[in-house]
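**Student:** Any chance you could fold what I've pasted below:
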Amino acid sequence: MAIITRRPITSSLRGQQFLSHKDLTKKRPEKSLLAPLSKTGGRNAYGRITTRHIGGGAKRRYRIVDFNWESREIPGKVVAFEYDPNRNVSIALVVYKNGSKKYILRPDGLNIGDIVFASLKAEAKTGNSLPLRNIPVGFFIHNVELVPSKGAKLARSAGGAIQLLGKEGELAILKMPSGETRTVSVNCWATVGRLSNSEYKNVTLGKAGRTRHRGIRPTVRGMAMNPVDHPHGGGEGRSKSGSHPVTPWGKGCKGTRTRTRKSTAILKRRK
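**Tutor:** Modelled structure (predicted):
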């Protein structure tokens, strides 16, 4: 996808950038693969805000993406590419030989009319899904399971890919997009290829309204508050408060490591 820059006819258009959707072939989603999506406003079941800066935003419906490879051993044909408002990568509509329809995440290099196959004996090519045990070392994969038969959890965002570095017995060694090196079972399934929309991270929103349409509310700096409201607040003039950046509740943020448990599955921590 190419990035489009608008002519600066108005101040709100100056600097705005959009992703071109010319390669998307279907405008209306498949009705049978839609589900309602309610807003939480960042609140839990007790009505308390647990995640700040969430609220409002455009109304959406959820696209049911097949993260469990439910149509295994059945070849499917890619018939359309669609926009998904709930994720930063586009989705592909696949029609299988038994008549069922499923959404999958769209990898780079997948074209209309291609056949995708989820099977133990599938060929290791873009769009096909198979266990890590059967994928050659060095391949880039996405949609990777963390625990066998629990569904894909890793590498599901735009441009995401995990490299299969090696296999040792019943464990596969993966290099994550973050730089972390970890192990998972070779019985975990994955899809071959790198996800599309890798240029997504280069988009400039350009105005506050586009952030609000995404359901993200404004963030106020701690330094702009009073001491009663934030540890960074107060002081004569601009003050760094004499400490590392912290949250309003005093916990470290902006680079502070928060992992407390050491996992034997992680061989090398992220950068």
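**Student:** which residues of the stretch 151-271 of the chain score low on pLDDT?
**Tutor:** 241 (pLDDT under 70).
**Student:** And the helices in it?
**Tutor:** For the stretch 151-271 of the chain, the helices defined by DSSP state H, counting those that start in this stretch occupy 208-213.
**Student:** just the strands in the stretch 1-150 of the chain please.
**Tutor:** 3-5, 17-19, 34-36, 61-63, 76-82, 91-96, 101-105, 115-116, 129-131, 140-142, 144-145 (DSSP state E, counting those that start in this stretch).
**Student:** Pipe those into CSV and attach mean pLDDT, distance to E236 and mean neighbour count per row.
**Tutor:** Any C-beta I mention is one placed from the backbone N, CA and C, and that applies to glycine too. Output for the strands of the stretch 1-150 of the chain, formatted as CSV (pLDDT from 0 to 100; distance: least, Cβ to Cβ, whole Å; neighbours: other Cβ atoms under 10 Å):
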stretch, mean pLDDT, distance to E236, mean neighbour count
strand 3-5, 90, 43, 13
strand 17-19, 90, 40, 16
strand 34-36, 97, 52, 9
strand 61-63, 97, 50, 16
strand 76-82, 96, 55, 19
strand 91-96, 96, 53, 22
strand 101-105, 97, 52, 22
strand 115-116, 96, 63, 18
strand 129-131, 96, 61, 21
strand 140-142, 97, 52, 24
strand 144-145, 96, 52, 22
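**Student:** Let me have those in JSON lines, extended by distance to G159.
**Tutor:** JSON lines is the format used below for those (distance: least, Cβ to Cβ, whole Å):
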{"stretch": "strand 3-5", "distance to G159": "13"}
{"stretch": "strand 17-19", "distance to G159": "12"}
{"stretch": "strand 34-36", "distance to G159": "26"}
{"stretch": "strand 61-63", "distance to G159": "19"}
{"stretch": "strand 76-82", "distance to G159": "16"}
{"stretch": "strand 91-96", "distance to G159": "15"}
{"stretch": "strand 101-105", "distance to G159": "11"}
{"stretch": "strand 115-116", "distance to G159": "20"}
{"stretch": "strand 129-131", "distance to G159": "19"}
{"stretch": "strand 140-142", "distance to G159": "10"}
{"stretch": "strand 144-145", "distance to G159": "15"}
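**Student:** I appreciate the help and will end here.
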